[in-house]
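>>> have a look at this prediction, sequence included:
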Amino acid sequence: MTYCVGMILDKGIVMMSDTRTNSGVDNISVFRKMFHWRVPGERMIAVMTAGNLATTQAVVSKLEERTKEPDERETTLLNGATMFNVVSEIGKLLRSTIQERQLANGERGKGKFTASMIVAGQIAGMEPRLFMVYPEGNFIEASWDTPFFQIGETKYGRPILIRAYDRDMSFEDAVKLVMVSFDSTLKANLSVGLPLDLLVIGRDEFAPTHEYRVTQDDPYFNEISSGWGDKLKAAFHSLPDYSF
């Protein structure tokens, strides 16, 4: 399983993903689930993936190939006129890849080849945009009513995002918020694990504002984890006592 979060702010976009994949408790591996492409001064596009690893790797590989083939200019990440055009192509590619693998697997084949994605980015002259792409290839866009998307193991880290998100918060506070969300998920579900990949995309920068990998011995993340646990306990004990 996995956990990925994409969050849109007035200042830009914050994204984080874990790297754990597993096929049972005794077969755990680390694979990157966040990828990005850019044209300096013109566009920055990032993708996070969840679901069947072979499927998501195939989609990302095809996207990478399309950035390098001049004959595919109308369908590449680097030449779509708008983010809507870009995410439409990614959706079509995801759907067709899933269908191909299901067909090859046969009607009696075991396993289900499914995946979902978060796509974010900005093209010069336009607003930063954030989308969630479903296995069927359709997608929805984030708004100020729904300013963040999660894929994978979403339930454990969602409450803190709902309670603490503010569209005008700083990147530093947004990263702290996302890290608390991940810490809650890591504590509750063994199928999500370190390292974590962090990407911050500033408005009109068209390049990573900040890119970082959080490892097991990362001092800041460990301080966030222990501090959040202590604060939760203190908050719990400060609540009025129940009486019979």
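Everything's here; your move.
>>> got the phi/psi numbers for residue 93?
With angles defined as degrees, to the nearest 10, residue 93 sits at phi -70, psi -40.
>>> I'd guessed it sits against residue 59; true?
Yes. If you go by Cβ atoms under 8 Å, residue 93 and residue 59 touch, sitting 5.7 Å apart. Using the backbone N, CA and C atoms, a C-beta is placed for each residue, glycine as well.
>>> the two - which one has more neighbours?
residue 59 (24 against 20; other Cβ atoms under 10 Å).
>>> how close does that one sit to residue 100?
11 Å (Cβ to Cβ, to the nearest Å).
>>> one more: residue 198?
Separation of residue 198 from residue 100 (Cβ to Cβ) stands at 32 Å.
>>> the more surrounded of the two?
Counted by other Cβ under 10 Å, residue 198 and residue 100 do not tie: residue 198 has more neighbours, with 21 against 13.
>>> avg pLDDT for the helix or strand that the more buried one is a member of?
Per DSSP states H and E, residue 198 falls inside strand 196-202. If you average the pLDDT over strand 196-202, you get 98.
>>> which elements pack onto that strand?
strand 12-18, strand 34-39, strand 43-51, strand 115-123, helix 171-188, strand 208-214 (3 or more Cβ pairs under 8 Å, 6 or more residues apart in numbering; DSSP states H and E).
>>> and the ones you listed: which comes nearest residue 1?
strand 43-51 (7.8 Å; Cβ to Cβ).
>>> how about the closest one as PDB, C-alpha atoms only?
Below are the C-alpha coordinates for strand 43-51, written out as PDB (Å, rounded to 0.1, in the frame of the first residue of the first chain):
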ATOM      1  CA  ARG A  43       6.200  24.700 -16.600                       C
ATOM      2  CA  MET A  44       6.600  22.300 -13.700                       C
ATOM      3  CA  ILE A  45       4.600  19.100 -13.500                       C
ATOM      4  CA  ALA A  46       4.700  16.500 -10.700                       C
ATOM      5  CA  VAL A  47       3.000  13.100 -10.300                       C
ATOM      6  CA  MET A  48       2.500  10.800  -7.300                       C
ATOM      7  CA  THR A  49       1.300   7.200  -7.700                       C
ATOM      8  CA  ALA A  50      -0.600   4.600  -5.700                       C
ATOM      9  CA  GLY A  51      -1.700   1.100  -6.500                       C
END
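>>> counting by contacts, list what the next helix or strand after that strand packs against.
Next along the chain after strand 43-51, taking DSSP H and E as the criterion, comes helix 53-66. Helices and strands touching helix 53-66, by 3+ Cβ pairs under 8 Å, 6+ apart, are strand 34-39, strand 43-51, helix 83-105, strand 115-123.
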